[in-house]
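Student: Turn this into a model:
(one chain, ligands or ions: 1)
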Amino acid sequence: MASDSAGVVTRFAPSPTGFLHIGGARTALFNWLYARHHGGKYLLRIEDTDRARSTEPAIAAIFDGLGWLGLEGDEPATFQFARSNRHAEVAHELLAKGAAYRCYLTPDELAERRAKAQAERRTFRIDSEWRDADPSSWPAEAPYVVRIKAPREGETTIEDEVQGRVTVANSELDDFVLLRSDGTPTYMLAVVVDDHDMGVTHVIRGDDHLNNAFRQIVILDAMGWQVPVYAHVPMILGADGAKLSKRHGAVGVDAYRDEMGMLPEAVFNYLLRLGWGHGDREEISREEAIELFDLAGVGKSPSRFDLKKLLNLNGHYIREADDARLASLVAPLIGPDADLALLTEAMPQLKLRAKDVHELAAGAAFLFKQRPLQMDEKAAALLTDDARALLARISARLSSESDWTVAALEANLKGFAEEQGLGLGKLAQPMRAALTGTTTSPGIFDVLALLGREEALARLDAQVEPADADHTA
Ligand code: GLU
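Tutor: Modelled structure (predicted):
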């Protein structure tokens, strides 16, 4: 797995939680783009050391979300838990070098010291007498953890590509644990070893990991490994300024696809713009993003999630999308009656009015309704006796139309409206109600053409003499 490549290697390292978090998706996107822009490699690592949370479905959800956004890794994913032995091996190497030590302080002893520090209003620091103990004095049987010997003097500086220069006094770094008393590696160790072995050159991740970076550098230095370039990206906030979480609404990428009817290119574009900018450009394609992306454009302050902006972008990408593709997304929402060819034909009209796939489906529903159509409240109110009489005349007129195309139907009905001294709107309103059961739909000539002669006339006629009308009076 080791890589000597001088090229850029990035990675996305999610911990399975049951879904791909929208913030995680943005981290993945930035890593993917950075690698693509520099002609490098983008790798995935599943940090599955929390065995309770790392279920098959939780891991599958991450691949599913990444696949949908087109952010799969360039190589098969690395699974962190499977590499525990390698992590332990590095801890033992650090022990052998004298850069780490066995610490036999018991949890009780540590708690006591912590309490004492608190009582004396001192910051607690692990000050283990085992740090400089000679290995020959290590008890053979007693349980121990392996701790790193963190430097106590001087300071550590990170030239972060997003945060700028950040310096921490080494006295603030504890002798943190590398191996627990049961021999399992800690997260801090696993990340460093994996990044090194995967040849990662650029660590782009959430700024909640900035503090960890200083500890990770301690291990890197002790091993004599190259410190990667760091870029800690600010968190995403909800509209209220608090860290984006479930109470703001959907945070799983799957919900944006399934519940909100978003297209992946819209989510891709939105996540790109969330925290990264290129002038005031809003709509940026995948190819352009690869060309333009760099870490210099990532802002230092957190951005707020703006659902309205995302919906607008989604509307834009729906209008741009291929009709047959949209039809295949809409069909399952309509059910077994859906006809792909008809949906595709209707799509140029439907997509003008929809911001998400569910709105497309709602707009398409009239095509597949069964007669007699259920009228919504507004449509029912339009169908007065006068309107029904008018529909009878329209039906009679259209039944002799031999050319059932948008252009011919338009010419025909415009002529009819003129003869009757009526505006076209007066005709269209009751027709739309009769043909769709609603008061919003594509243009009325398109509706007629899409339904076809037989179905359109039958729907008009059904309202001329409603089946449930009482004719005995
Ligand atoms: N697994 C960590 C997380 O999901 C990321 C670790 C890293 O990027 O270094 O927050």
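
Student: So which residues on this protein come close to the ligand?
Tutor: When proximity is defined by Cβ under 6 Å from any ligand atom, the chain lies next to the ligand at 13, 14, 15, 47, 191, 205, 209. (Each C-beta comes from the backbone N, C-alpha and C, glycine too.)

Student: I'd say the second one and residue 20 touch.
Tutor: Yes. Between residue 14 and residue 20 a contact is recorded at 7.1 Å, counting by Cβ atoms under 8 Å.

Student: so what sits against both of those two?
Tutor: Common neighbours of residue 14 and residue 20, counting by Cβ atoms under 8 Å, 6 or more residues apart in numbering, are 28, 62.

Student: Compare these two (neighbour count), which wins?
Tutor: Between residue 14 and residue 20, counted using other Cβ atoms under 10 Å, the more crowded position is residue 20 (27 against 23).

Student: need the contact list for the closest residue to the ligand within the stretch 251-400 of the chain.
Tutor: Relative to the ligand, the nearest point of the stretch 251-400 of the chain is residue 251 (13.4 Å; Cβ to the nearest ligand atom). The contact partners of residue 251, by Cβ under 8 Å, 6+ apart, come to 19, 21, 22, 23, 244, 245.

Student: neighbour-wise, which of those leads?
Tutor: Ranked by the number of neighbours (other Cβ under 10 Å), the contacts of residue 251 place residue 22 first, at 24 neighbours.

Student: Output the residues of the chain next to the ligand as TSV; include the columns pLDDT and secondary structure.
Tutor: TSV is the format used below for the residues of the chain next to the ligand (pLDDT from 0 to 100; DSSP: H, G, I helix; E, B strand; the rest coil):
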residue	pLDDT	secondary structure
13	98	coil
14	97	coil
15	96	coil
47	97	coil
191	98	helix
205	98	strand
209	97	helix
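
Student: what ranges do the strands span in the protein?
Tutor: For the chain, the strands defined by DSSP state E occupy 9-12, 41-46, 78-79, 100-103, 145-148, 155-160, 164-169, 177-179, 202-206, 229-233, 236-237, 303-304.

Student: Mind checking the pLDDT average for the first one?
Tutor: Averaged across strand 9-12, the pLDDT comes to 98.

Student: Using PDB, write out every CA atom in it.
Tutor: The C-alpha trace of strand 9-12 is given here as PDB (Å, rounded to 0.1, in the frame of the first residue of the first chain):
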ATOM      1  CA  VAL A   9      -3.000  12.000  -2.700                       C
ATOM      2  CA  THR A  10      -6.100  13.000  -0.800                       C
ATOM      3  CA  ARG A  11      -8.500  10.900   1.200                       C
ATOM      4  CA  PHE A  12     -12.000  11.000   2.700                       C
END
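
Student: who does that strand touch, helix- and strand-wise?
Tutor: Contact analysis of strand 9-12 by 3 or more Cβ pairs under 8 Å, 6 or more residues apart in numbering; DSSP states H and E lists helix 22-37, strand 41-46, strand 202-206 as its packing neighbours.

Student: Just give the number of residues close to the residue in the stretch 51-200 of the chain that the ligand sits nearest to.
Tutor: Minimum separation of the stretch 51-200 of the chain from the ligand (Cβ to the nearest ligand atom) falls at residue 191, amounting to 4.9 Å. Using other Cβ under 10 Å, residue 191 has 26 neighbouring residues.

Student: Identify the residues contacting it.
Tutor: Residue 191 makes contact with 13, 47, 212, 216 under the criterion Cβ under 8 Å, 6+ apart.

Student: who wins for most neighbours among these?
Tutor: Counting by other Cβ under 10 Å, top hit in these: residue 13 with 25 neighbours.

Student: show me the contacts for that residue.
Tutor: Applying Cβ under 8 Å, 6+ apart, we find residue 13 in contact with 44, 45, 46, 47, 80, 191, 194, 205.

Student: doesn't residue 27 make contact with the last one?
Tutor: Think residue 205. Yes. The pair residue 205 and residue 27 passes the contact test of Cβ under 8 Å, sitting 5.8 Å apart.

Student: Brilliant, that's me finished.
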